[in-house]
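Participant: The following block contains a protein sequence and its predicted model.
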Amino acid sequence: MSKEKLDIPDYNSLFAEERYVQQRANKKQFEAPCSEQDTAEALAYSKSAEYMEKNFDRKAVVINPHKACQPLGSVMAALGFEKTLPFVHGSQGCNSYFRSHLSRHFKEPTPAVSSSMTEDAAVFGGMNNLIDGLENSIALYKPEMVALCTTCMAEVIGDDLSSFIGNARIKGVITEEFPVAFCNTPSFVGSHITGYDSMLKGILSYLYERSGIKASPGSGTESGEKLNVMLGFEPYTGNFAEIRKILEAFDTQYTILGDHSGNYDSPATGEYEYYYGGTKLADVPLAANALGSLSLQKYTLKKTQDFISGTWNQPITAMSTPLGITGTDKLLEAVSELTGLPVPASLTEERGRVVDALTDSHPYLHGKRVALVGDPDLLIGLIGFCLEVGMEPVHIVCSNGDVDFNDVKFKDEAQALLDSSPYGSEATLYIGNDLWHMRSLLLNDPVDLAIGSSHLKFAAKDAGVPLIRVGFPILDRHHMHRYPIIGYQGTLNLLSLIVNTVLDELDRNHSGFNYDLVR
């Protein structure tokens, strides 16, 4: 067998070749570009304090917001249920964006279909597209449930999903028994976390109401002893494995409501399947009789939490993403309180090992100034983690942070958390701002580290700040979603990621005589 090397350049080296350099130079005659001097001057000005003031004064445009639109979140929620096909009522282009964005993060295919609305549907309505799409997708992909959501186009023209689904049943395209859950997810308001919540609530309420079961928390031999757990818009498949490990250590029964980890961590067996795992549809109505529910993203899952506490009349404990020692302690205390079971000795021992690791790394993290970007629940977890290891949050941007839980706004909770520690004294929260604002902050008030998704990459690069990729989406690194960041094991993973970035920077900027091989 030949071992001849294939010379296949990646795009970095390919487009550095002279032919492409020349091609770009030739194109400029058609573009009326600024001169190189003008470009350099504009770039330098964009880094100034004067420009930063203008940047923060802008109102009419958003530049690189750290959020996606509602239907993307609803697609993820739909994929958390057994043999469920997400169906996007809107244009094919919208659906392609949702699929590609999720697939680029998880490095797995995202099965989802679209009603493929075009100009005529925008004028006359998309009912025929939706009915034809339902008929074709059920015949081709054989799901056990379809979960419908909307895009901007369908929302602007006022398409009525409930009526359209009813007409599809009248026409015999789908039977009366075939489940079609749905929710409205207008892209021009909210964000991906809003869409996730709307779809999760839509699926739970739809399957519960059609079952005829009457909620009776703590009753029933099949479900009364169980605990419901919701991870929310969860970009880490490893977090599902971690929560399972924790609950099994408690030796308690549980149902994860919305488990997309199988779809986004599927095996390569040589054959592709459309559906991998997910919460069983039959388990959803029975979840109404569980002991209680545990939500790990309280700002994300507002509608779902209200449904469970209201319609199911079920006790629910809601918290933000449990990062770090303190966050994990709260998680274990919540499980213990809901189930009446003591915290297992194995988890107490694991906690001790991670506390030891934090102590080992503390000298390298203490006093490090950091910038943070993320969704509200993740940011609460990250702020808590930073404070407990002695890092100092300075700039905190949350594009979709105008949310509240039990009448407490995210900004107020985050500020109270920062005020609880001297390490939070220099922090400023920016709610509704975008990553172009963050760029100005990084350039004019430098920090040691930036923590956020891949979208923070260019702002961090312009400022010369190392980026630690945490959250969604992570597009330019592989397999990070497979490692948990919640629980004690997740704390160790997050600690290792951050401290080793710091050590990499020490080596990269070494003085020439010391690579720190001693401590």
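Facilitator: Structure received.
Participant: Just confirm residue 404 contacts residue 411, I think it does.
Facilitator: No: in this structure, residue 404 is not within contact of residue 411 by Cβ atoms under 8 Å, at 9.0 Å. Every C-beta, even on glycine, is put in place using the N, C-alpha and C of the backbone.
Participant: Tell me which of the two has more neighbours.
Facilitator: Neighbour totals were compared for residue 404 and residue 411, and residue 411 leads with 19 against 15 (other Cβ atoms under 10 Å).
Participant: For the more buried one, report the pLDDT, please.
Facilitator: Per-residue pLDDT puts residue 411 at 98.
Participant: Please apply the same query to residue 224.
Facilitator: Note for residue 224: predicted pLDDT of 69.
Participant: now for the strand or helix carrying residue 461, which elements pack on it?
Facilitator: Using DSSP states H and E, residue 461 maps to helix 457-463. Counting contacts by 3 or more Cβ pairs under 8 Å, 6 or more residues apart in numbering; DSSP states H and E, helix 457-463 packs against helix 435-444, strand 449-452, strand 467-469.
Participant: can you do 10 Å?
Facilitator: If contacts are counted by 3 or more Cβ pairs under 10 Å, 6 or more residues apart in numbering; DSSP states H and E, helix 457-463 sits against strand 369-373, helix 435-444, strand 449-452, strand 467-469.
Participant: Overlap of the contact sets of residue 404 and residue 411?
Facilitator: By the contact definition Cβ atoms under 10 Å, 6 or more residues apart in numbering, residue 404 and residue 411 are jointly contacted by residue 376.
Participant: just to revisit the earlier point, redo the helices and strands packed on helix 457-463 as CSV? Include mean neighbour count.
Facilitator: Below are the helices and strands packed on helix 457-463 laid out as CSV (neighbours: other Cβ atoms under 10 Å):
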stretch, mean neighbour count
strand 369-373, 26
helix 435-444, 22
strand 449-452, 26
strand 467-469, 20
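Participant: Out of the ones you listed, the one nearest residue 155 is which?
Facilitator: For the helices and strands packed on helix 457-463, the distance to residue 155 is smallest for helix 435-444, at 26.3 Å, taking Cβ to Cβ.
Participant: which one is residue 498 nearest to, not counting chain neighbours?
Facilitator: Leaving aside its chain neighbours, residue 498 sits nearest to residue 468 (5.6 Å; criterion: Cβ to Cβ, 6 or more residues apart in numbering).
Participant: do you know how far that neighbour is from residue 196?
Facilitator: Separation of residue 468 from residue 196 (Cβ to Cβ, to the nearest Å): 24 Å.
Participant: gap between the two ends of stretch 251-270?
Facilitator: This stretch, stretch 251-270, spans 36 Å end to end (Cα to Cα, to the nearest Å).
Participant: Give the rounded mean pLDDT of it.
Facilitator: Mean predicted confidence for stretch 251-270 is 95.
Participant: Could you pull up the residues touching residue 277?
Facilitator: Residue 277 sits next to 79-83, 240, 256, 259-266 when contact means Cβ under 10 Å, 6+ apart.
Participant: Among those, which lie within strands?
Facilitator: The strands, defined by DSSP state E, take in residue 256 from the contacts of residue 277.
Participant: Tell me which two of the contacts of residue 277 sit farthest apart.
Facilitator: By the measure Cβ to Cβ, 83 and 240 form the most distant pair in those, at 18.1 Å.
Participant: Spell out, range by range, the strands that occur in the stretch 51-200 of the chain.
Facilitator: Taking DSSP state E, counting those that start in this stretch to define them, one finds strands in the stretch 51-200 of the chain at 84-89, 113-114, 145-150, 180-182.
Participant: export those strands to JSON lines and tack on distance to residue 504, mean neighbour count and mean pLDDT?
Facilitator: Supplementary listing: the strands of the stretch 51-200 of the chain in JSON lines, determined by distance: least, Cβ to Cβ, whole Å; neighbours: other Cβ atoms under 10 Å; pLDDT from 0 to 100:
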{"stretch": "strand 84-89", "distance to residue 504": "39", "mean neighbour count": "28", "mean pLDDT": "98"}
{"stretch": "strand 113-114", "distance to residue 504": "43", "mean neighbour count": "22", "mean pLDDT": "96"}
{"stretch": "strand 145-150", "distance to residue 504": "41", "mean neighbour count": "26", "mean pLDDT": "98"}
{"stretch": "strand 180-182", "distance to residue 504": "46", "mean neighbour count": "23", "mean pLDDT": "98"}
